[in-house]
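Asker: this one's sequence-less:
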């Protein structure tokens with residue numbers, strides 16, 4: 001069982017997916033996100049890890065998916081700020097449990113984009129944040 005979890009963890013890390021809140025046993029989701037073993041088996045909102053590097057003028061993907069196991073909050077907040085430190089993308093609501101909710105965010109100029117995912121830890125009403133950084137650089141087609 002431990003080797004299966006290690007294999008799932010390695011494959012999910014290769015896909016670049018993470019978890020916003022702690023969860024029960026490690027499970028690979030349809031889009032490659034995975035849950036890490038936490039203190040108790042509760043529901044979690046899985047988040048899509050955006051690409052670390054994109055070309056300016058191209059898009060990167062942000063998204064959420066609710067993994068329902070034994071209750072817990074399915075609420076989320078997603079905010080993206082650009083190189084000028086202004087938030088230009090924001091979504092909040094209830095994460096779907098049937099499929100991923102994905103958004104294609106435009107990296108319009110070169111610089112650093114911060115994607116901030118917020119969710120509730122099991123048994124808490126406080127928001128927990130996870131920050132992912134995407135760098136956009138000028139790319140030349142030759």
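Answerer: Good, I have the coordinates. Source: prediction; values computed, not measured.
Asker: surely residue 126 and residue 119 touch.
Answerer: No. Distance between residue 126 and residue 119: 10.3 Å, which falls outside the contact criterion (CB atoms under 8 Å). To be clear about C-beta, it is placed using only N, CA and C from the backbone, and glycine gets the same treatment.
Asker: which of the two has more neighbours?
Answerer: residue 119 (25 against 7; other CB atoms under 10 Å).
Asker: list the buried ones in the strand or helix carrying the more buried one?
Answerer: Using DSSP states H and E, residue 119 sits within strand 111-120. For strand 111-120, the neighbour count (16 or more other CB atoms under 10 Å) marks 113-120 as buried.
Asker: run me through the strand neighbours of it, direction for each.
Answerer: strand 75-81 (antiparallel), strand 127-137 (antiparallel) (DSSP bridges).
Asker: re earlier: tabulate the buried residues of strand 111-120 (CSV), appending distance to residue 79 and pLDDT.
Answerer: Listed next are these as CSV, based on distance: CB to CB, whole Å; pLDDT from 0 to 100:
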residue, distance to residue 79, pLDDT
113, 11, 98
114, 8, 98
115, 7, 98
116, 5, 97
117, 8, 97
118, 8, 95
119, 13, 92
120, 16, 87
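Asker: state the distance from residue 104 to residue 127.
Answerer: Taking CB to CB, to the nearest Å as the measure, residue 104 falls 25 Å from residue 127.
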